[in-house]
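K.L.:
Quick one, structure for this:
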Amino acid sequence: MSAPLLSIRGLVAAYGHIEALKGVDLDINPGEIVALIGSNGAGKSTLMMSVFGRPRARAGTIWFDGRDITGLPTHHVARLRIAQSPEGRRIFPRMTVAENLRMGADAAVESSEAERNASLERVFALFPRLKERIAQRGGTLSGGEQQMLAIGRALMSRPRLLMLDEPSLGLAPLIARQIFDAVRALNRQDGLTVLIVEQNANHALKLAHRGYVMVNGKITLSGTGTDLLARPEIRAAYLEGGRH
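P.N.:
Purely as a prediction, here's the structure:
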């Protein structure tokens with residue numbers, strides 16, 4: 001088996017005196033979709049942001065493709081072709097769809113015009129709605145379209161690792177399903193490695209090859225998506241009567 005693309009060991013991170021991550025271990029292998037599930041405040045988003053050094057690790061290491069990136073500045077991490085679609089989308093509302101996508105290409109690695117055009121066509125093939133809205137300001141898009149734009153912006157950097165933070169949050173079930181289908185297509189067709197942080201455990205674990213459960217800043221369970229879905233404690237905590 002190949003070495004992990006992303007490997008996190010003993011990661012500790014805090015906001016002031018509040019310790020958000022308490023010795024986290026996590027691996028993502030090339031070509032995998034890995035889901036990280038847990039309740040609000042469990043530390044899921046903090047773990048994802050720690051890869052980019054926000055917040056910086058107080059202890060532990062983060063390895064990407066065999067390189068220790070624990071102390072790297074955020075823009076250096078992005079140049080390694082790690083891309084994130086953040087919680088809340090954080091698109092540029094006054095910019096057009098085209099300008100938002102261009103920002104994604106500019107934020108990471110240098111690329112030729114041909115590579116940028118190829119990335120743009122890839123995004124439009126995945127999300128045809130964005131091509132229809134190419135000249136529209138981001139802030140006037142629907143919630144689902146803004147989520148498509150946030151993911152498309154991340155894809156413009158031609159990432160080796162795509163990190164998605166709560167991509168279904170606030171979306172109608174049909175639109176959320178379209179987003180998950182797009183992630184599945186990226187993985188199956190392009191072999192893209194994906195880390196997805198989700199409260200919607202049912203969708204996330206059905207999508208993922210493997211999953212981790214985070215509680216109070218610690219990983220408490222891990223396994224295949226199928227195995228985790230079958231565990232009674234997962235069903236009780238995250239599925240039955242909850243979001244599904």
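K.L.:
Show me which helix runs longest in this protein.
P.N.:
For the chain, the longest helix by residue count, based on DSSP state H, is helix 173-190.
K.L.:
Which strands and helices lie in contact with it?
P.N.:
The contact analysis (3 or more Cβ pairs under 8 Å, 6 or more residues apart in numbering; DSSP states H and E) places helix 173-190 against strand 33-37, helix 113-126, helix 143-155, strand 193-198, helix 201-207. Quick note: C-beta positions are derived from backbone N, CA and C, even for glycine.
K.L.:
buried ones in that helix?
P.N.:
Within helix 173-190, the residues that count as buried by 16 or more other Cβ atoms under 10 Å are Ile175, Ala176, Gln178, Ile179, Phe180, Ala182, Val183, Leu186, Asn187.
K.L.:
I'd like to know how far the third one sits from Val213.
P.N.:
This points to Gln178. Here Gln178 is placed at a distance of 26 Å from Val213 (Cβ to Cβ, to the nearest Å).
K.L.:
ok so, going back, make a markdown table out of the helices and strands packed on helix 173-190 and add mean neighbour count.
P.N.:
Listed next are those as a markdown table, based on neighbours: other Cβ atoms under 10 Å:
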| stretch | mean neighbour count |
| --- | --- |
| strand 33-37 | 25 |
| helix 113-126 | 15 |
| helix 143-155 | 23 |
| strand 193-198 | 25 |
| helix 201-207 | 22 |
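K.L.:
any chance of the ones you listed in TSV, plus distance to Gly16?
P.N.:
Written out in TSV, the entries for the helices and strands packed on helix 173-190 read as follows (distance: least, Cβ to Cβ, whole Å):
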stretch	distance to Gly16
strand 33-37	23
helix 113-126	38
helix 143-155	28
strand 193-198	22
helix 201-207	30
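K.L.:
among those, which gets the worst mean confidence?
P.N.:
Of all those, helix 113-126 carries the lowest average pLDDT, namely a mean of 86.
K.L.:
and whatever helix or strand comes next after that one, how far out from the chain's middle?
P.N.:
Toward the C-terminus, helix 113-126 is succeeded by helix 128-132 as the next helix or strand (DSSP states H and E). With Cα atoms, centre = their mean, to the nearest Å as the basis, helix 128-132 stands 22 Å off its chain's centre.
K.L.:
tell me what helix 128-132 is packed against?
P.N.:
Packed against helix 128-132 by the contact rule (3+ Cβ pairs under 8 Å, 6+ apart) you find helix 113-126, helix 143-155.
K.L.:
who's in contact with the last one?
P.N.:
What that stands for is helix 143-155. Contact with helix 143-155 is made by 83-86, 89-91, 97, 100-101, 103-104, 119, 122-123, 126-127, 129-130, 133, 138, 141, 162, 164, 167, 170-172, 175, 178-179, 182-183, 186, as judged by Cβ atoms under 8 Å, 6 or more residues apart in numbering.
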